[in-house]
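Enquirer: Sharing a sequence plus its predicted fold:
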Amino acid sequence: MANQFEYKSFTDDNHYIQLCAEVMAIRARAEQPMACIRTYGCQQNVADSEKIKGMLFEMGFGFTDNADEADFILFNTCAVREHAEDRVFGNVGALKNIKRRHPSVIIGLCGCMMEQKHVTDRLYRSFPFVNLVFGTHSLHHFPELFYNAVTYGKRVYETGIDDKTVYEGIPTRRDGQFKGWLPIMYGCNNFCTYCIVPYTRGRERSRRFEDVVREARTMIESGYKEITLLGQNVNSYGKNLEENVTFAQLLSEIDKIDGDYILRFMTSHPKDCSKELIDVIAGSRHISTHLHLPFQSGSNRVLKAMNRSYTREKYLDIINYAKEKIPGVSLTSDIIVGFPGETYEEFCETLSLIREVEFTSLFTFIYSPREGTPAAKMPDPYTHEEKSKWFSELLRVQEEIAAKRCASMVGQTVRVLVEGKTDKDGILTSRTSGNIIVDFPGDEALVGSFVNVKITKARNWILNGELADQ
Ligand code: SAH
Ligand code: SF4
Ligand code: F3S
């Protein structure tokens, strides 16, 4: 398909950064203006916050976790489940006191929740002390919006979806020094019936192949040891681009870049997960031996009602191919328990699939109705209490599987990336290519490098080890 998207450069908006820097230099409560950014939700939001921090940094901001000492407080919100929303509203309410103590503080909200009209209406009505609200499509506008909020003293709201444009070149300030997120596409076209994301993030659009490869190269050259390519459905990367490129080709192009690094990606959708992709992983130098492939439900009837476009059999077919081609592959997944109308028998099909695949770990959720999605209108006869019981059963089964999988690694020597210190003296924490955590005694100087570790003990889903010959 021809490219229906426009690619624009962020530099157009740059003069607002300068203006904001000048205003904030005068307005800051301390020597340097400080921002406190709290990010909820998935890695897409984390990556967006890193861009906002990039712009704030260019305005002269420093960063703090303490909202009380900030000149600007921003919550980057998530709408995926009810619980995520409630937390945000609770925390926004608590900011009222800070505003009372420091009236000059600018309070902002952005992210997926801001693309839901019922949310922004409620905010406008109930939280007049919120100065700035913008949605997922206004990142490139942030300097101008921030400037307006600071200088005109009026509430600034900018929401709504523009999913026709991809902005390149927004400054980024990554949280991690050696682990970094790299968005390769935005939005989602899948409309799974339970999910709000297509409404909050708009249609799927891929970044240009050469832009992604260039950014990966820059990250590797500047010392990043782990790069995670991000998208809601990375397997459909390239579908809107003029060049005929696939996600598998993108991965193998990045994999050609020399250096000591590991390449991860998320999230894969089983309907588009090709055998070509698995072959690329199997033959690569840098790609992790971990596949996060959410199946959501083990029942074909429920999968159909979810609009997931694959069957249990097709899912198992990809999994078995991955197990055959990638020795020791580590599999993880997302699961929803209690989708409207799911029966206990259908839930048991999810259990049997888990037993069959033997996942390393799972992200499990109880179904949460999202206003505006088709599933929210489906009859939902089972109570939350019943669903919670099934949920606990699922956790018990998975705990056994994870413990068994981890125990089978005792005695192996694995290569890990050392991520940091633990709260125990002299104990470091690290991660295997399969995304399993390994704690071991070692010197802090090892943080940010790859080492070989011999696994000595399994504690449920965490491993203990000791440094092995390098
Ligand atoms: N694009 C990714 C996932 C995005 S959301 C994918 O398709 O795999 C992350 C996870 O949240 C989903 O995989 C799903 O398991 C869960 N989720 C999404 N909407 C939900 C809802 N309404 N209730 C409960 N869980 C939900
Ligand atoms: Fe949501 Fe489905 Fe898109 Fe994932 S693929 S973001 S679950 S609609
Ligand atoms: Fe949440 Fe938006 Fe991600 S709804 S899960 S932050 S895409």
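Expert: Good, I have the coordinates. Residues are numbered from 1 along each chain as shown. Ligands and ions are numbered 1, 2, ... in the order given.
Enquirer: Tally up the residues packed near the residue nearest to residue 370 when sequence neighbours are not counted, please.
Expert: Using CB to CB, 6 or more residues apart in numbering and skipping residues adjacent in sequence, the residue nearest residue 370 is residue 196, 4.2 Å away. Glycine gets a C-beta too; all of them are placed from N, C-alpha and C. If you count neighbours by other CB atoms under 10 Å, residue 196 ends up with 23.
Enquirer: I'd say residue 469 and residue 452 touch.
Expert: Yes: here residue 469 lies in contact with residue 452, judged by CB atoms under 8 Å, at a distance of 6.6 Å.
Enquirer: what's the overlap in contacts for those two?
Expert: Residues touching both residue 469 and residue 452 (CB atoms under 8 Å, 6 or more residues apart in numbering): there are none.
Enquirer: Neighbour count: these two, which is higher?
Expert: residue 452 (13 against 6).
Enquirer: just checking, the more buried one is part of a strand?
Expert: Yes: assessed by DSSP: H, G, I helix; E, B strand; the rest coil, residue 452 belongs to a strand.
Enquirer: quick one: it and ligand 1, what's the gap?
Expert: 33 Å (CB to the nearest ligand atom, to the nearest Å).
Enquirer: Same question for residue 52.
Expert: Distance from residue 52 to ligand 1, by CB to the nearest ligand atom: 21 Å.
Enquirer: That residue against residue 37, yeah?
Expert: Yes: Residue 52 lies in contact with residue 37 (CB under 8 Å); the separation is 6.5 Å.
Enquirer: helix/strand/coil for the residue nearest to residue 25 when sequence neighbours are not counted?
Expert: In space, and not counting its chain neighbours, residue 25 is closest to residue 60: 6.3 Å by CB to CB, 6+ apart. When classified by three-state DSSP, residue 60 comes out as coil.
Enquirer: Next secondary structure after the top helix by length along the chain?
Expert: Counting residues, the longest helix in the chain under DSSP state H turns out to be helix 384-407. Downstream of helix 384-407, the first helix or strand assigned by DSSP states H and E is strand 413-421.
Enquirer: by contact count, what packs against that following strand?
Expert: strand 427-432, strand 450-459 (3 or more CB pairs under 8 Å, 6 or more residues apart in numbering; DSSP states H and E).
Enquirer: Now do it: distance to the chain's middle.
Expert: Offset of strand 413-421 from its chain centre (CA atoms, centre = their mean, to the nearest Å): 22 Å.
Enquirer: And for stretch 363-381?
Expert: On CA atoms, centre = their mean, the centre of stretch 363-381 falls 21 Å from that of its chain.
Enquirer: That one spans what distance, first to last residue?
Expert: 24 Å (CA to CA, to the nearest Å).
Enquirer: hang on, the earlier thing: backbone dihedrals for the residue nearest to residue 370, please?
Expert: phi -90, psi -20 (degrees, to the nearest 10).
Enquirer: could you measure it against residue 37, distance?
Expert: Applying CB to CB, to the nearest Å, the value for residue 196 to residue 37 is 22 Å.
Enquirer: for residue 352, same thing?
Expert: Taken as CB to CB, the span from residue 352 to residue 37 is 43 Å.
Enquirer: So for those two, which residue has more residues nearby?
Expert: residue 37 (22 against 13).
Enquirer: Are we agreed that that one is in a helix?
Expert: No: Residue 37 is assigned strand when assessed by three-state DSSP, not a helix.
Enquirer: Show me which residues of this structure sit near ligand 2.
Expert: Those residues of the chain that sit near ligand 2, judged by CB under 6 Å from any ligand atom, are 188, 190-192, 195, 197-198, 232-233, 269.
Enquirer: how about a cut-off of 8 Å?
Expert: By the rule CB under 8 Å from any ligand atom, the part of the chain lying against ligand 2 is 188-192, 194-198, 201, 232-233, 267, 269, 294, 296, 307-308, 334.
Enquirer: List only buried entries from those.
Expert: 188, 190, 192, 194-198, 201, 232-233, 267, 269, 294, 296, 308 (16 or more other CB atoms under 10 Å).
Enquirer: ok, back up a step: does the residue nearest to residue 370 really touch residue 77, like I thought?
Expert: No: Residue 196 lies out of contact with residue 77 (CB under 8 Å); the separation is 11.7 Å.
Enquirer: The buried ones among the residues of the chain next to ligand 2 also near ligand 1: which ones?
Expert: 188, 190, 192, 194-197, 232-233, 267, 269, 294, 296.
Enquirer: Select from those residues every entry located in helices.
Expert: Checked against DSSP H, these include these in helices: residue 197.
Enquirer: hmm, back to that, kindly reformat the helices and strands packed on strand 413-421 as a markdown table containing distance to residue 385 and mean pLDDT.
Expert: As requested, the helices and strands packed on strand 413-421 are exported to a markdown table (distance: least, CB to CB, whole Å; pLDDT from 0 to 100):
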| stretch | distance to residue 385 | mean pLDDT |
| --- | --- | --- |
| strand 427-432 | 37 | 98 |
| strand 450-459 | 31 | 96 |
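Enquirer: Throw these into a markdown table and include distance to residue 243, thanks.
Expert: Below are those laid out as a markdown table (distance: least, CB to CB, whole Å):
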| stretch | distance to residue 243 |
| --- | --- |
| strand 427-432 | 34 |
| strand 450-459 | 33 |
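Enquirer: just so I have it, where are all the helices in the stretch 201-350 of the chain?
Expert: Under the criterion DSSP state H, counting those that start in this stretch, helices of the stretch 201-350 of the chain are mapped to 209-221, 247-255, 275-282, 300-305, 312-325, 344-357.
Enquirer: Show the pLDDT at the nearest residue in space to residue 172 that is not next to it in sequence.
Expert: Nearest in space to residue 172, with sequence neighbours left out and distances taken as CB to CB, 6+ apart, is residue 54 at 4.3 Å. Model confidence at residue 54, given as pLDDT, is 97.
Enquirer: Next: residue 11.
Expert: Residue 11 carries a pLDDT score of 72 in this model.
Enquirer: so the nearest residue to residue 265 once chain neighbours are set aside bridges to which residues?
Expert: Distance criterion CB to CB, 6+ apart; nearest residue to residue 265, sequence neighbours excluded, is residue 229 at 4.1 Å. Counting by DSSP bridges, residue 229 forms beta bridges with residue 182, residue 265.
Enquirer: same thing with residue 432?
Expert: residue 416.
Enquirer: Show the contacting residues for it.
Expert: 330, 414-416, 438.
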